[in-house]
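J.: Predicted structure and sequence below. I'll ask about it afterward.
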Amino acid sequence: MVIENREPPGRAEWILGKIQKIYSQRAASYNQHVRWLSLGLQRKLRQYITAKLDLQPGQTVLEVACGTGLNFSAIQAAIGPEGRLIGFDYTPAMLDQAKKQIEHQGWQNVSLMQGDVLQLQLAEPVDAILCTFAIGLFPSPRRALERMVAALRPGGRILIADCKLFERWYGFGVNPVLKYLTRPWVPSIEGYFGVQPWSDLQELLGETRYEEQFGGLVYLAWGEI
Ligand SMILES: C[S@@+](CC[C@H](N)C(=O)[O-])C[C@H]1O[C@@H](n2cnc3c(N)ncnc32)[C@H](O)[C@@H]1O
């Protein structure tokens, strides 16, 4: 697969600089914020999302933009100690939090990698890729998807989940509040809510599945290569 640089020069660096700043400042309190913002429902949601990947014991999973590792428990429960989990993220401070969790849990099968998803390159293809609440932050979601799909083995699965604005009637009142709450966490609110990666994923895989949760606030798009 040919991956070209289709970004205007400077924009990607600007986004990555913002990401570094935002998530370095918030890394230590990230888990608490997420618990609060999700009204305590995030654990169940992550189990639900991860289950869509249909992970099997012994499989290798790449989590792109893993952050502090809030999906790790659900992935580990599915792949077991004989599986392998690679957590990839751009912000070292977020990875430091993930490392704390790995040490606390005593997991021996988890490794962490720092980098920009647009430069993602693995030595071996993986069985599955998970990316939650991050794709709208990437300098180019399309190119990020291309990179991720290229990292899958034939038959491997990928799942993308993120927030979107409400499209139903109540969006008129609720979307401004959603934007207000999201703004401190993203380089550009228009960029974050402007992406539609489910169409790109469909184009890249041919066939995908799509689902919304929480009345259209969270979407899941997944498929097999
Ligand atoms: C909102 S957090 C989500 C973390 C985790 N996926 C979760 O569900 O809790 C977004 C994460 O995306 C990471 N990120 C943003 N842009 C990235 C990029 N270009 N490459 C890799 N990671 C990136 C940030 O460092 C941050 O940890």
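T.: All right, it came through fine. Quantities reported herein were computed from a predicted structural model and do not represent experimental measurements.
J.: chain center to the worst-scoring helix or strand of the chain on mean pLDDT: distance?
T.: Here the helix or strand of the chain ranked lowest by mean pLDDT, DSSP states H and E is helix 30-37, holding a mean of 89. Relative to its parent chain, helix 30-37 has a centroid offset of 16 Å by Cα atoms, centre = their mean, to the nearest Å.
J.: by contact count, what packs against the very next helix or strand once past that helix?
T.: Tracing the chain past helix 30-37, the next element assigned as helix or strand by DSSP states H and E is helix 42-51. On a contact count with 3 or more Cβ pairs under 8 Å, 6 or more residues apart in numbering; DSSP states H and E, helix 42-51 meets helix 72-79, strand 126-132. (Each C-beta comes from the backbone N, C-alpha and C, glycine too.)
J.: Can you tell me the SS state at the spatially most distant residue from the centre of the chain?
T.: Most distant residue from the mean C-alpha position of the chain: W169, 27.9 Å away (Cα atoms, centre = their mean). For W169, the assignment made with DSSP: H, G, I helix; E, B strand; the rest coil gives coil.
J.: Also the one 3 residues further on?
T.: In three-state terms, and counting by three-state DSSP, F172 is helix.
J.: okay, now it: neighbour count?
T.: 9 (other Cβ atoms under 10 Å).
J.: before we move on, what about G194?
T.: 12.
J.: Over to F214?
T.: 13.
J.: Report pLDDT for it.
T.: Listed pLDDT for F214 reads 91.
J.: What are the phi and psi values at it?
T.: Backbone torsions for F214, taken as degrees, to the nearest 10, come to phi 50, psi 50.
J.: Equivalent analysis for P125, please.
T.: Per-residue torsions, P125: phi -70, psi 150 (degrees, to the nearest 10).
J.: got the contact list for it?
T.: A151, L152, R153, G156 (Cβ atoms under 8 Å, 6 or more residues apart in numbering).
J.: show me where pLDDT drops low in the chain?
T.: Applying pLDDT under 70 to the chain flags the ranges 1-9.
J.: got the residues of it near the ligand?
T.: 19, 23, 34, 65-67, 70, 89-91, 94, 116-117, 132-134, 137-138 (Cβ under 6 Å from any ligand atom).
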